[in-house]
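Undergrad: just coords:
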């Protein structure tokens, strides 16, 4: 059976489209030749895919350059807007920003990264180089530590090279293990200039203990923000409120390092789970 | 020549993927059967595409339901972040929000709609039902009127039914023509509860006169916001600043109703183009 030159299995086509779009990561504008180089796909195939994606407005052409297009903005925005956790969280995020004045993030775990679903920051937000849809190594952030609380540190790092964001970033499994133990004790995670120089964060996990699906954090200038129980308490309250607000109890599980679990019942918050630990 | 059952032209595959993703517009979660109904595609084809998109994280599965996934959030966010106009505008949008206290939007024209590239709103922003990546009929908004300034109103409406958002929305070519004449005279567009009840907006076009590529607006409660030259002046200044800030002068042209034009030279702002008209 001969497959003509301009056909391919749908799976191969989808992979090629995905490869072409991935090529734009970190590079705002690419020519046809650059996309060919970055993807390793045949010139004619790249040409056809680029033309089709421009037609659908997933890309736009500007002279000889191609850029990500309006339709991707729309679909991405829709994905955030339709996210039930995000919808449940929005009013809490704004209230937390209003009451603390700090930059508020909502994030989920994706592999060994956190991905930000929302950022409420006002003017201070411009000073923190994060963005909705952006990602950071989980172990460098308070949100990441909060979600990872029950993960085994050695499993997290595996055997590969440890990524760092600043000279204060965690680099060993022992450091991460100590940090995660603190999260389990305090119900909150702290981060001191480990992802952005000059900034510190406090985060609380959202979801049942040991099964966090996301985390909420506040970030502020390290000289001003109190990285202790004073901010841990409102963070935990916010996380609790978001979790209660998740509609109809059926929370979709974001991909995590942990094994897939059967879909879970309505969130039952065991009283005391988030009780303030003695800070002596 | 026989095309085997699981192959198709790349163009047909791309169209099917696009159809499947479009099905999620307005519907957060869909089952396989619902996607089949909404797209009209064969069950087996939908099944294969859904599985592939889940694998790529463009969709995620939650039990029997499918939802838009993290990878789309990332690509969409990247599309906004890499947009040169957006990057040039960000500091101006925050400054405009800070100095006025109103909700600031950056929008481009797409067909007969405007699509929002950014929204800076603080708490007031929650009261205005717009979102980044969202769209509105252009003629119902100040940003739309600002971008359309040099369009012929009759051409814009064509022969179809005119969409409205509120009882104050423009419904005739004559009304739109009068509004667009005001934009040309004042360098700014006004909107009075034409898209959201209780809110009014002022917008200024970004780009050379007659060739606007985008617009910036402020929105506030209709009882409080001054829909006159007092806000038109800072809006025009902001639009001018954004246009000057567009890097290296080569502005990509967003799709508009107008005929495609050859790529344009560096923006040369003719002095006086945006000069304040006499308001007598």
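TA: Thanks, I have the structure now. Remember, predicted model here, so these are calculated numbers, not experimental data.
Undergrad: which regions of the stretch 51-200 of chain A lie under the pLDDT threshold?
TA: In the prediction, the stretch 51-200 of chain A carries no residues with pLDDT under 70.
Undergrad: So in terms of bridging, what pairs with residue A:190?
TA: residue A:202 (DSSP bridges).
Undergrad: what comes up buried for stretch A:200-208?
TA: A:200, A:201, A:202, A:203, A:204, A:205, A:206, A:207, A:208 (16 or more other CB atoms under 10 Å in any protein chain shown). Placement of C-beta: from N, CA and C, glycine included.
Undergrad: In chain A, what residue spans correspond to helices?
TA: In chain A, the helices defined using DSSP state H lie at A:10-22, A:32-39, A:43-55, A:70-82, A:84-100, A:142-148, A:153-157, A:173-186, A:229-245.
Undergrad: Which neighbouring elements make contact with the shortest one?
TA: Helices and strands touching helix A:153-157, as assessed by 3 or more CB pairs under 8 Å, 6 or more residues apart in numbering or on different chains; DSSP states H and E, comprise helix A:173-186.
Undergrad: nearest residue to residue A:52 other than its sequence neighbours?
TA: residue B:14 (4.6 Å; CB to CB, 6 or more residues apart in numbering or on different chains).
Undergrad: so how far is residue B:50 from that neighbour?
TA: Noted for residue B:14: a distance of 16 Å to residue B:50, by CB to CB, to the nearest Å.
Undergrad: who has more neighbours, the two?
TA: residue B:14 (24 against 20; other CB atoms under 10 Å in any protein chain shown).
Undergrad: Residue A:76 touches residue A:131, doesn't it?
TA: No: applying CB atoms under 8 Å, one finds residue A:76 not in contact with residue A:131, separated by 11.6 Å.
Undergrad: Which neighbours do these two have in common?
TA: Here residue A:76 and residue A:131 have residue B:77 as joint contacts, going by CB atoms under 8 Å, 6 or more residues apart in numbering or on different chains.
Undergrad: Let me know which of the helices of chain A is tucked in deepest.
TA: Of the helices of chain A, the one with the most neighbours on average (mean count of other CB atoms under 10 Å in any protein chain shown) is helix A:142-148, at a mean of 30.
Undergrad: That helix - contacts with which helices or strands?
TA: Using 3+ CB pairs under 8 Å, 6+ apart as the contact test, the elements touching helix A:142-148 are strand A:103-110, strand A:113-120, helix A:173-186, strand A:189-192, strand A:199-206, strand A:214-221.
Undergrad: 6 Å instead, please
TA: When contacts are defined as 3 or more CB pairs under 6 Å, 6 or more residues apart in numbering or on different chains; DSSP states H and E, helix A:142-148 sits against helix A:173-186, strand A:189-192, strand A:199-206, strand A:214-221.
Undergrad: Next up, the contacts around the residue positioned nearest the centre of chain A.
TA: Nearest to the centroid of the C-alpha atoms of chain A, with distances taken as CA atoms, centre = their mean, sits residue A:115, at 1.0 Å. Applying CB atoms under 6 Å, 6 or more residues apart in numbering or on different chains to residue A:115 gives the contacts A:108, A:135, B:70.
Undergrad: Enumerate the residues of chain A near chain B.
TA: Residues of chain A lying close to chain B by CB under 6 Å from any CB of the partner chain are A:3, A:6-7, A:9-11, A:13-14, A:18, A:28, A:48, A:52, A:56, A:62-63, A:68, A:70, A:72-82, A:110, A:115, A:131-133, A:252, A:263.
Undergrad: closest point of the stretch 1-150 of chain A to chain B, which residue?
TA: residue A:76 (1.3 Å; CB to the nearest CB).
Undergrad: pretty sure that residue is touching residue B:70, no?
TA: No: with contact defined as CB atoms under 6 Å, residue A:76 does not reach residue B:70; the gap is 9.8 Å.
Undergrad: domain assignment for chain A?
TA: Here the domain assignment for chain A is A:10-73, A:83-249, based on automatic domain parsing.
Undergrad: closest one to residue B:180 among the ones you listed?
TA: Among the domains of chain A, domain A:10-73 comes nearest to residue B:180, with 23.3 Å by CB to CB.
Undergrad: any idea how far that closest one is from the chain center?
TA: 24 Å (CA atoms, centre = their mean, to the nearest Å).
Undergrad: now, which of the buried residues of stretch A:200-208 sits nearest residue A:181?
TA: So of the buried residues of stretch A:200-208, ranked by how close each gets to residue A:181 (CB to CB), first place is residue A:205, at 14.0 Å.
Undergrad: For that closest one, which non-adjacent residue is spatially closest?
TA: residue A:212 (3.5 Å).
Undergrad: does the one you found really touch residue A:189, like I thought?
TA: No: applying CB under 6 Å as the test, residue A:212 and residue A:189 come out as separate, 10.2 Å apart.
Undergrad: So in terms of bridging, what pairs with residue A:30?
TA: Bridge pairing for residue A:30 - DSSP bridges - gives residue A:66.
Undergrad: Would you check how far apart it and residue B:60 are?
TA: Look at residue A:30 and residue B:60: by CB to CB, they are 28 Å apart.
Undergrad: cool, and residue A:86?
TA: Relative to residue B:60, residue A:86 is positioned 13 Å away (CB to CB).
Undergrad: Could you do residue A:197 as well?
TA: 34 Å.
Undergrad: Those two: which is more packed in?
TA: More crowded of residue A:197 and residue B:60, by other CB under 10 Å: residue B:60, with 21 against 11.
Undergrad: Report the beta-bridge partner residues of that one.
TA: Where residue B:60 sits in a bridge, its partners, by DSSP bridges, are residue B:67.
Undergrad: does it really touch residue B:69, like I thought?
TA: Yes: under the criterion of CB under 6 Å, residue B:60 makes contact with residue B:69 at 4.2 Å.
Undergrad: Which neighbours do these two have in common?
TA: Common neighbours of residue B:60 and residue B:69 (criterion: CB under 6 Å, 6+ apart): none identified.
Undergrad: Let me see the contact set for residue A:220.
TA: Residue A:220 makes contact with residue A:102 under the criterion CB under 6 Å, 6+ apart.
Undergrad: What score does it have for pLDDT?
TA: With respect to pLDDT, residue A:220 scores 95.
Undergrad: ditto for residue A:252
TA: pLDDT, residue A:252: 45.
Undergrad: Please apply the same query to residue A:46.
TA: 95.
Undergrad: I figured it hits residue A:35, correct?
TA: Yes: counting by CB under 6 Å, residue A:46 does reach residue A:35; the two are 5.2 Å apart.
Undergrad: hang on, the earlier thing: spatially nearest residue to the residue nearest to the centre of chain A (excluding sequence neighbours)?
TA: Residue A:115's closest residue in space is residue A:135 (CB to CB, 6+ apart), at 4.9 Å.
Undergrad: repeat for residue A:128
TA: Counting by CB to CB, 6+ apart, the residue nearest residue A:128 is residue A:103, at 5.0 Å.
Undergrad: Relative to residue A:81, how far out is the one you found?
TA: If you go by CB to CB, the gap between residue A:103 and residue A:81 works out to 21 Å.
Undergrad: Next: residue A:36.
TA: 35 Å.
Undergrad: next one: residue A:224
TA: Distance, residue A:224 to residue A:81, by CB to CB: 33 Å.
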